[in-house]
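J.: Give me a 3D structure for the following:
(chains A, B, C and D)
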There are 2 protein chains.
Amino acid sequence: MSELEADATVTVDVVLFTIRQGRLSVLLVERQDDPFVGCWALPGGPPVAAADLDQSANRHLEEATGAAVSPGHLEQLRTYGTPDRNPEARQISVGYLGFMADLPAPVTAGDRPSARFWPHDDFLTGDDAPELVLDHRQIIGDGLERARAKLEYTTLATTFLEAPFTISDLRRVYQTVWGVQLEPANFRRKVVERTDGFVEPTGESRPTGRAPALLYRAGPATELTPPLVRPDADEAS
Amino acid sequence: MSELEADATVTVDVVLFTIRQGRLSVLLVERQDDPFVGCWALPGGPPVAAADLDQSANRHLEEATGAAVSPGHLEQLRTYGTPDRNPEARQISVGYLGFMADLPAPVTAGDRPSARFWPHDDFLTGDDAPELVLDHRQIIGDGLERARAKLEYTTLATTFLEAPFTISDLRRVYQTVWGVQLEPANFRRKVVERTDGFVEPTGESRPTGRAPALLYRAGPATELTPPLVRPDADEAS
DNA sequence: GGAATAGTGTCTATGAGACATTATTCC
DNA sequence: GGAATAATGTCTCATAGACACTATTCC
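T.: Model prediction:
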């Protein structure tokens, strides 16, 4: 065989989604050094010695935010290795995808002013969209698509929420990630009655400004069979 | 951060499935050199310079079989990077998953006596199961699980067949990969009537020893909505 | 009372699964 | 004729989706 590259540089990069103020948002870090100064990038870095790739992804998240974030779910997304994705050297990036509940305070605290959650729509269409490093915009797009698909056939939507939560909270997670409106009545039935172990009632209820809502926590189920099918997007909020 | 490993060794390894004589089989290569002499391994090797990872996977398949195989489908599976998966050095493997139609002749031809398809059941339970290198048995297991899932919601089962094929041929692909029996009547209806573009009739039919069967080729559809749901495995053949 | 949200009830259309039936071929 | 397979017909049950309705709270 022709020319081989056994010693490419490897990095682990994380797409961490959360929902802030009703908007799907992704954690980015402003580059202070390297090339790309001032550009924004996914949190990440080389594999940590004696740690597997999942652990390395977690470590880089802690590193980037001063341990302010801890994902409720983290999975491998895919690996990016186009020869010219980094013009300087062959670089292979193992992408990760994470979900977490919204934080009470911004991540941008104290000694880490460079990490923040960006609403996802902003850097699709916005004018003040940050400039992203390498193919990180592509990776985020792939992460979003995976997230949307996973909500269909897993119970992972609950990892966007802190327990206890209401069925409406859970429905709003679906609506935000999918960008659609869902019928409250049918959604409730699907989640509560037709899918054992998706959520379990706490017995409490929460005043919501209108009618009080029953509270739930995540159940033991991990898969949704049959799945919760995503309607054709109508791009509602 | 503590210790980082920027220069891990990278390889691309391929799980290539086909169906031979009614059995799901995977392509393996006998190691002639290195450590692991005499062990069997997935075909693969380092990324090819100036080629992306998909192309590298294809190149290693050609290399291993003298261009005898060409997958009808090839996709990235996942990346393996546990620190101790290769005791000699940190090695990160990007796994690929491929499907192809059965070959008329064995792969083991001429100057490549070291590559062959192994029936999958053999190295799960068999006594003459080959010894596999590193975590390749795990990678094959992950590939099988992915393959089973993909048949549910994509049209990729046709990539196990040469056109034209009968609906029974297609059903046997599902039965072999899933390890279950399917109701012929309902399967036919699902494939032919309820999923536009899965298969399209050629107009011909083939004598099968019994009643003649209508012939089809793969259609333009790539996804199955709603999916073809896999029954609980009863481990039939 | 009016508006908004939580939760329940009910109807319809679709499709999966079970199984019967007919047609065709080889023995 | 008998066995095996291809293809079609028919019935039932589960459920997604649409929508009406009641209950509760804040204004």
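
J.: what's in contact with the worst-scoring helix or strand of chain A on mean pLDDT?
T.: The weakest-scoring helix or strand in chain A, judged by mean pLDDT, DSSP states H and E, is helix A:122-125 (a mean of 72). Residues from elsewhere that reach helix A:122-125 (CB atoms under 8 Å, 6 or more residues apart in numbering or on different chains): A:128-130, A:132, A:137. Any C-beta I mention is one placed from the backbone N, CA and C, and that applies to glycine too.

J.: possible to save the residues you listed as JSON lines with secondary structure, neighbour count and distance to DNA strand D?
T.: Listed next are these as JSON lines, based on DSSP: H, G, I helix; E, B strand; the rest coil; neighbours: other CB atoms under 10 Å in any protein chain shown; distance: CB to the nearest atom of the strand, whole Å:
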{"residue": "A:D128", "secondary structure": "coil", "neighbour count": "6", "distance to DNA strand D": "34"}
{"residue": "A:A129", "secondary structure": "coil", "neighbour count": "14", "distance to DNA strand D": "33"}
{"residue": "A:P130", "secondary structure": "coil", "neighbour count": "17", "distance to DNA strand D": "36"}
{"residue": "A:L132", "secondary structure": "strand", "neighbour count": "19", "distance to DNA strand D": "34"}
{"residue": "A:R137", "secondary structure": "helix", "neighbour count": "17", "distance to DNA strand D": "31"}
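
J.: Just give me the closest of those to B:G45.
T.: Ranked by distance to B:G45 (CB to CB), those are led by A:R137 at 30.7 Å.

J.: could you list every residue that touches the closest one?
T.: A:F123 are the contacts of A:R137 under CB under 8 Å, 6+ apart.

J.: how about the residues of chain A near DNA strand D?
T.: For chain A, the contact set with DNA strand D under CB under 7 Å from any atom of the strand comprises A:183, A:185-186, A:189-190, A:194, A:207, A:209-212, A:226, A:229, A:231.

J.: mind listing the strands in chain A by residue range?
T.: Listed in chain order, the strands of chain A (DSSP state E) span A:9-20, A:23-30, A:40-41, A:44-45, A:73-80, A:91-99, A:115-119, A:165-166, A:199-206, A:213-218.

J.: Neighbouring strands of the fourth one in the sheet, and parallel or not?
T.: In the sheet containing strand A:44-45, its partner strands are strand A:9-20 (antiparallel), by DSSP bridges.

J.: next one: the partner strand to chain centre, how far?
T.: Computed by CA atoms, centre = their mean, to the nearest Å, the chain-centroid distance of strand A:9-20 equals 8 Å.

J.: swap in stretch A:49-64?
T.: 16 Å.

J.: surely A:P119 meets A:S25?
T.: Yes - A:P119 is in contact with A:S25 according to CB atoms under 8 Å; the separation is 5.0 Å.

J.: The residues of chain A next to DNA strand D also near DNA strand C: which ones?
T.: Okay, of the residues of chain A next to DNA strand D touching DNA strand C (CB under 7 Å from any atom of the strand), that's A:185-186, A:189, A:209-212.

J.: So which of those are in helices?
T.: Secondary structure defined by DSSP state H assigns A:185-186 of these to helices.

J.: any chance of the ones next to DNA strand C among the residues of chain A next to DNA strand D in CSV, with distance to chain B too?
T.: CSV is the format used below for those (distance: CB to the nearest CB, whole Å):
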residue, distance to chain B
A:A185, 22
A:N186, 16
A:R189, 19
A:G209, 38
A:R210, 35
A:A211, 34
A:P212, 36
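
J.: pLDDT score for A:R31?
T.: Looking at A:R31, its pLDDT stands at 84.

J.: List the residues that contact it.
T.: A:R31 touches A:37-41, A:133, counting by CB under 8 Å, 6+ apart.

J.: Name the member of those residues that has the highest neighbour count.
T.: A:W40 (22 neighbours; other CB atoms under 10 Å in any protein chain shown).

J.: Surely it and A:L27 touch.
T.: No - using CB under 8 Å, A:W40 is not in contact with A:L27, being 10.1 Å away.

J.: I figured A:L214 was touching A:I167, is that so?
T.: Yes - A:L214 is within contact range of A:I167, at 7.3 Å (criterion: CB under 8 Å).

J.: Grab the nearest non-local neighbour of A:G219.
T.: A:G197 (3.9 Å; CB to CB, 6 or more residues apart in numbering or on different chains).

J.: what about that neighbour, neighbour count?
T.: Around A:G197 there are 13 other residues, counting by other CB under 10 Å.

J.: contacting residues for it?
T.: By CB under 8 Å, 6+ apart, A:G197 lies in contact with A:155, A:219-221.

J.: Got the phi and psi for it?
T.: Per-residue torsions, A:G197: phi 80, psi 0 (degrees, to the nearest 10).

J.: Distance-wise, check it relative to A:I167.
T.: Separation of A:G197 from A:I167 (CB to CB, to the nearest Å) stands at 15 Å.

J.: which parts of stretch A:195-203 are buried?
T.: Within stretch A:195-203, the residues that count as buried by 16 or more other CB atoms under 10 Å in any protein chain shown are A:195, A:198-199.

J.: What of stretch A:179-194?
T.: A:179-180, A:182, A:187-188, A:190-192.

J.: Out of those, which comes closest to chain B?
T.: A:K190 (14.9 Å; CB to the nearest CB).

J.: For the closest one, give me the pLDDT.
T.: With respect to pLDDT, A:K190 scores 97.
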